[in-house]
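*Asks:* Let's see this in three dimensions:
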Amino acid sequence: MKICCSPHRLANSYYQDTPDYTDEWGIGWRSVEYNTPFGKGRYTEMTATRWLMTAPSVATYPTNRPDLYKEAAWVLQTFKDAYWIVGCNRYHIFETAGRCAGYERMLSDFALEPDLAEQILEIPYRYHLQAAKKLVEMGVDMIWTGDDVGAQNAMLISPKMWRRF
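*Replies:* Numbers count the residues shown, from 1 in each chain. As a prediction, this is how the structure comes out:
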């Protein structure tokens, strides 16, 4: 049996029934109930991005957040000997950057402000790399990571931009 522990509320708040919350990136979310043939379900939708990133705010974003590892430490202490512990490192570089800057802004920056886009992408890159390393140091058995870079039938950006960024 696997247990997933994560320093990221994005990964473990998806199905919560709290109406509104703000994640560790400062992004606002709303939990929405919907009906299915099997009963009620929930999903979250973004209600606010953290900020429209500018070069000065990009340079000062904090990536060292030890407070985010308390729950992961508890999971490891409580279940490490009995279960396979998966360190969740979801919503990786592209998704996190798009959520912080706003997807439209992020996609525009790829074309219009490529240097700023690289600076913005560097924040979640450093953050998620640090988080994965910390979870490994704490003793998780595996790191689960992912990103969402595609639409239903194509990538969100051109292959040329993908290779660059």
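*Asks:* going forward, measure contacts between C-alpha atoms and count neighbours the same way
*Replies:* OK.
*Asks:* so where do the strands sit in this structure?
*Replies:* 2-5, 20-22, 28-36, 39-48, 84-89, 142-145 (DSSP state E).
*Asks:* ranking those by burial, who's on top?
*Replies:* For the strands of the chain, average neighbour numbers computed from mean count of other C-alpha atoms under 10 Å are highest in strand 84-89, which has a mean of 22.
*Asks:* on that earlier part again, quick check: which of the strands of the chain is nearest to residue 97?
*Replies:* Ranking the strands of the chain by distance to residue 97, with C-alpha to C-alpha as the measure, places strand 39-48 first at 13.5 Å.
*Asks:* From the contact counts, what lies against that closest one?
*Replies:* In terms of contact count using 3 or more C-alpha pairs under 8 Å, 6 or more residues apart in numbering; DSSP states H and E, strand 39-48 is assigned the packing partners strand 28-36.
*Asks:* rewinding a little: mind putting the strands of the chain into JSON lines with distance to residue 97 and mean pLDDT?
*Replies:* As requested, the strands of the chain are arranged in JSON lines below (distance: least, C-alpha to C-alpha, whole Å; pLDDT from 0 to 100):
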{"stretch": "strand 2-5", "distance to residue 97": "22", "mean pLDDT": "58"}
{"stretch": "strand 20-22", "distance to residue 97": "16", "mean pLDDT": "79"}
{"stretch": "strand 28-36", "distance to residue 97": "15", "mean pLDDT": "86"}
{"stretch": "strand 39-48", "distance to residue 97": "14", "mean pLDDT": "83"}
{"stretch": "strand 84-89", "distance to residue 97": "14", "mean pLDDT": "84"}
{"stretch": "strand 142-145", "distance to residue 97": "15", "mean pLDDT": "86"}
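*Asks:* Redo these as JSON lines? Include distance to residue 162.
*Replies:* Written out in JSON lines, the entries for these read as follows (distance: least, C-alpha to C-alpha, whole Å):
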{"stretch": "strand 2-5", "distance to residue 162": "30"}
{"stretch": "strand 20-22", "distance to residue 162": "29"}
{"stretch": "strand 28-36", "distance to residue 162": "27"}
{"stretch": "strand 39-48", "distance to residue 162": "24"}
{"stretch": "strand 84-89", "distance to residue 162": "21"}
{"stretch": "strand 142-145", "distance to residue 162": "18"}
